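In: below is the structure, and that's it, no one-letter string:
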């Protein structure tokens, strides 16, 4: 049993959906649980629908949703012949599910409506992919993951109820493999015990795949991406980025902690708990080796570089020269939590406390205002935060030349600098 996860980029065009056939034919006869994300920019488009609806612009919301409907129906028409009508009927059921809501007026929190509407993107994509694979002779069983993943009602960041979800996988998913080699479902979404749709937060599709891998005692999880492997830096920022063939779970968690757009730590935990290896492979060139991530020790890693732009530093100082101790810092972290802000870097001095965030203007303005009730607050914008793991002098000097360093923190393996 293997688990595959295909992200939105892997199904964002007719050609890329067709490419899935070539990949899956290499695993003919194997048992596969496949998790598929929403197509391309569908989630962003659905977010615009939610925003219009929540502002009581129902006509605009319906018009925006109609565009999404047309796009998916057109994709289905290009891909399907004999299976088009059954796919269209299933899609129209999902369309009705959303449109029924869009004719109403918002009476609940924004996050509730976000989850009810945004979840449809995964339903649309998996419906089309499943029918296309069946038409091409790759038989599969489509399931609605909302019937499997039971969650709480913390909309947009729901937690899985592991006990109920484990039972659902045992009772409803395992038996399917007696008659099917492939079960295809959605990532990112679940449902409450009242059958209200929920989403699982950042990188929810990867996490969904990891949960299935854990509960199915899978041989491995493979995440198919549009890059050849995990790289030592973002190739969009660094043209000389190199592939990393082998990593371990701890290293990946460290990389993610410092902001690398790699695998979210919550995806790692279900795999690490059962020692299930994670492969990152290219759906563009499946023959490439990719990266394997496991529990074993890995030596001689290259410098791993994370550069975060558009950073904001808040410097908060006591007004009477008293120490910034546990009382002040405790109050600040309560503010961080209430605003759902996570500092990328902090430094505590005698009478000052520095913290660095991604530039989320509205929330940071609220933080600065609230903190100014008991501290003096200064704000600096347009900064860069550079992190290098396994660094050496030459790479550090190369990446910081002609930069003004405002803040520096260093351990034996990692150096971080805030630059202007």
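Out: Arrived safely. Predicted model only: the values in this text are computed from it and were never measured. Numbering: from 1, shown residues only.

In: strands along the stretch 51-200 of the chain, start to end?
Out: All strands of the stretch 51-200 of the chain, identified by DSSP state E, counting those that start in this stretch, fall at 141-142, 182-186, 189-191, 197-199.

In: who wins for proximity to residue 152 among those strands?
Out: With C-beta to C-beta as the criterion, residue 152 lies closest to strand 197-199 of the strands of the stretch 51-200 of the chain, at 7.8 Å. C-betas here are computed from N, CA, C, even on glycine.

In: show me the contact partners of the helix or strand just after the closest one.
Out: Counting by DSSP states H and E, the next helix or strand C-terminal to strand 197-199 is helix 204-215. With contacts defined as C-beta atoms under 8 Å, 6 or more residues apart in numbering, helix 204-215 is touched by 3-5, 7, 33, 35, 37, 122, 145, 149, 160, 165-166, 169-170, 173, 185-189, 200-201, 218, 220-221, 223, 263-264, 266-271, 273-274, 276, 278.

In: ok so, going back, mean pLDDT added to the strands of the stretch 51-200 of the chain, as TSV?
Out: Shown next, in TSV, are the strands of the stretch 51-200 of the chain (pLDDT from 0 to 100):
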stretch	mean pLDDT
strand 141-142	98
strand 182-186	98
strand 189-191	98
strand 197-199	98
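
In: now those strands as a markdown table including distance to residue 244 and mean neighbour count?
Out: Listed next are those as a markdown table, based on distance: least, C-beta to C-beta, whole Å; neighbours: other C-beta atoms under 10 Å:
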| stretch | distance to residue 244 | mean neighbour count |
| --- | --- | --- |
| strand 141-142 | 35 | 17 |
| strand 182-186 | 29 | 24 |
| strand 189-191 | 31 | 25 |
| strand 197-199 | 30 | 26 |
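
In: one step back: what subset of the contacts of helix 204-215 is buried?
Out: In the contacts of helix 204-215, burial by neighbour count holds for 3-5, 7, 33, 35, 37, 122, 145, 149, 160, 165, 169, 173, 185-189, 200, 218, 220-221, 223, 263-264, 266-268, 270-271, 276, 278, counting by 16 or more other C-beta atoms under 10 Å.

In: hmm, back to that, export the strands of the stretch 51-200 of the chain as JSON lines, with columns for distance to residue 403.
Out: Output for the strands of the stretch 51-200 of the chain, formatted as JSON lines (distance: least, C-beta to C-beta, whole Å):
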{"stretch": "strand 141-142", "distance to residue 403": "52"}
{"stretch": "strand 182-186", "distance to residue 403": "44"}
{"stretch": "strand 189-191", "distance to residue 403": "42"}
{"stretch": "strand 197-199", "distance to residue 403": "38"}
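
In: coming back round to it: among the contacts of helix 204-215, name the ones in helices.
Out: With helices taken from DSSP state H, the overlap with the contacts of helix 204-215 comprises 122, 165-166, 266-271, 273.

In: out of the residues you listed, which comes closest to residue 397?
Out: The closest of these, once distances to residue 397 are taken by C-beta to C-beta, is residue 268, at 32.5 Å.

In: for the closest residue to the closest one other than its chain neighbours, phi and psi?
Out: Among residues not flanking residue 268 along the chain, residue 249 sits closest, at 5.1 Å (C-beta to C-beta, 6 or more residues apart in numbering). With angles defined as degrees, to the nearest 10, residue 249 sits at phi -60, psi -40.

In: report the residue spans of the stretch 51-200 of the chain with pLDDT below the cut-off.
Out: Along the stretch 51-200 of the chain, no part satisfies pLDDT under 70.

In: quick one: pLDDT of the residue of the chain most remote from its centre?
Out: Most distant residue from the mean C-alpha position of the chain: residue 320, 43.7 Å away (C-alpha atoms, centre = their mean). On the pLDDT scale, residue 320 is placed at 84.

In: now swap in residue 395 and tell me
Out: At residue 395, the pLDDT value in this model is 94.

In: stretch 121-130: how far from the chain's middle?
Out: Centroid displacement of stretch 121-130 relative to its chain, using C-alpha atoms, centre = their mean, to the nearest Å, is 18 Å.

In: other residues contacting it?
Out: If you take C-beta under 8 Å, 6+ apart as the criterion, stretch 121-130 is touched by 8, 11, 17, 20, 36-39, 42-43, 46, 68, 72, 75-76, 79-80, 87, 90-91, 94, 140, 142, 144-145, 184-189, 205.

In: and the residue nearest to residue 268, how many neighbours?
Out: Residue 249 has 21 neighbouring residues, counting by other C-beta atoms under 10 Å.

In: next: the one 10 residues further on.
Out: The burial count assigned to residue 259 is 16, neighbours taken as other C-beta under 10 Å.

In: likewise for residue 44?
Out: 12.

In: show me where the chain has helices.
Out: With DSSP H as the criterion, the chain has helices at 14-25, 42-54, 58-79, 84-102, 110-118, 120-135, 162-168, 204-215, 249-257, 265-273, 326-338, 361-371, 393-400.

In: where does the residue nearest to residue 268 sit relative to residue 227, distance-wise?
Out: 20 Å (C-beta to C-beta, to the nearest Å).

In: tell me what the nearest residue to residue 209 once chain neighbours are set aside is bridged to.
Out: Computed as C-beta to C-beta, 6+ apart, the closest residue to residue 209 that is not its neighbour in sequence is residue 5, at 3.8 Å. Residue 5 has the following beta-bridge partners by DSSP bridges: residue 35, residue 223.

In: from what I can see residue 5 touches residue 220, true?
Out: No: using C-beta atoms under 8 Å, residue 5 is not in contact with residue 220; the gap is 11.4 Å.

In: wait, the residue nearest to residue 268 sits on residue 294?
Out: Yes: between residue 249 and residue 294 there is a contact at 7.1 Å, judged by C-beta under 8 Å.

In: intersection of neighbour lists for those two?
Out: residue 278.

In: ok, the residue nearest the centre of the chain - contacts?
Out: Centroid-nearest residue in the chain: residue 203, 1.5 Å away (criterion: C-alpha atoms, centre = their mean). Residues in contact with residue 203 (C-beta under 8 Å, 6+ apart) are 263-264, 266-267.

In: can I get the helices of the chain in a markdown table with distance to residue 234?
Out: Formatted as a markdown table, the helices of the chain follow (distance: least, C-beta to C-beta, whole Å):
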| stretch | distance to residue 234 |
| --- | --- |
| helix 14-25 | 22 |
| helix 42-54 | 20 |
| helix 58-79 | 29 |
| helix 84-102 | 35 |
| helix 110-118 | 26 |
| helix 120-135 | 25 |
| helix 162-168 | 34 |
| helix 204-215 | 18 |
| helix 249-257 | 11 |
| helix 265-273 | 18 |
| helix 326-338 | 26 |
| helix 361-371 | 23 |
| helix 393-400 | 13 |
